[in-house]
Every structure is written in C-alpha cells, then in structure tokens.
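[1] Provided below are the primary sequence and the corresponding predicted coordinates.
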Amino acid sequence: MMHATYIGFHGYAEEWLTDNPDLSKELANKCGYWYFPVKASFSSVMKPGKNLLSVSWFNKGVAPAYYAYALILHLQNKHTGESMEIQIQDLGNRKWFPDQESVECYSFNLPETLPSGIYELGMKLSFEAEGCHQTIEVGVSENRIIDDFIQLGTFELK
C-alpha cells in the first residue's frame, strides 16, 4: 500500500554502480515514475495553425511525478534539414498514476512561415527550474532516439 520514493543501500556507490549498471537504472526508474510512450498519433498531413498530437503514456513506476514536465516537439524538414522546436508547457504527467495508461491530446501551432514539405516529428520530455534544464528519460528503444528526441514519424506540411 506504500510506494518508495527513494532507495538506499549499504556499501560503496562506485562498486555498486560498476557491478549493477542496468539494475541501478531500473531501480531508480521504478522508485518513482517510469514513463513509456505506448502510442502516438497525428495527422499525416498538417497545415499552418492548430494541429494535434495524441500520445498514450504508461507509468511503470510506483508513483506520479512531483513536477509537471514539458513536451518539446522537434520538426525537421527532410529536404532542407532545417528544424524547429515547439514547447508544450504541461505534459499532464502529474496525474499519471502507476500501472495506468493515460491518453493526452496536445495542441500546437505551426507558423505560417514554415515552408511546406515532408517533416520528421520527434518529441522529448523536459524539466526546467532555476536555470537547470534536464531531458527526462523515458522507456523507449534506443534506436528510436535521435539527438535526444523520440522519433514518431513523418507528416506533410501543405
């Protein structure tokens, strides 16, 4: 009925981390929250102005997070390589409880000046406080991550 918010151990931290790198990471994640994006959906054709991204999240940890995290979307034009980021302030993660799937729908605006073309869409979770900026790791295969962003797929901007 209780959930651990920290884990302690006896011994030397350097030895423990050397002997147990994977277990250490898993225990640290399971101690609080551990987010997994289950599914993301968005239109294959977008236009300047308001667009939507729906993400289904699963918290495999034992508690929700204390802080609200931001969602940063990364758009990169496949032809020109130019990119931009869009920040959504509140991911909605403070209400994601353990062993529950939560579906969030995010609204974002694409500028009128953004050139039409095919874009790669990626996302990452971020926390910023008192000048400290940190990317929040989520449970996703390493081959889905490029430059800290989880690759979701492509869309055409018309």
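    Right, received. Where do you want to start? Everything numeric here is computed off the predicted structure, so don't read it as measured data.
[2] Tell me the spacing between E104 and D148.
    Look at E104 and D148: by C-beta to C-beta, to the nearest Å, they are 20 Å apart. (C-beta placed from N, C-alpha, C; glycine too.)
[3] which one of the two has more residues nearby?
    Applying other C-beta atoms under 10 Å to E104 and D148 shows that E104 carries more neighbours, namely 17 against 13.
[4] The more buried one bridge partners, please.
    V55 (DSSP bridges).
[5] mind checking which helix or strand of this structure has the lowest mean pLDDT?
    For the chain, counting by mean pLDDT, DSSP states H and E, helix 21-31 ranks last in confidence among helices and strands (a mean of 74).
[6] Render the CA-only coordinates of whichever helix or strand comes after that one in CSV, please.
    Downstream of helix 21-31, the first helix or strand assigned by DSSP states H and E is strand 35-42. Provided in CSV are the C-alpha atoms of strand 35-42 (Å, rounded to 0.1, in the frame of the first residue of the first chain):
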residue,chain,number,x,y,z
TYR,A,35,7.1,6.7,-18.4
PHE,A,36,6.6,4.7,-21.5
PRO,A,37,5.0,6.2,-24.7
VAL,A,38,2.7,3.4,-25.8
LYS,A,39,1.3,5.0,-28.9
ALA,A,40,1.4,8.4,-30.7
SER,A,41,-1.0,9.5,-33.4
PHE,A,42,-1.0,12.6,-35.5
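[7] Use 46 as the first number for this chain going forward.
    Renumbered: residue one is now 46, and that last one reads strand 80-87.
[8] residue boundaries of the strands in the protein?
    For the chain, the strands defined by DSSP state E cover 80-87, 90-91, 94-104, 115-122, 128-133, 146-155, 162-174, 177-181, 190-191, 194-202.
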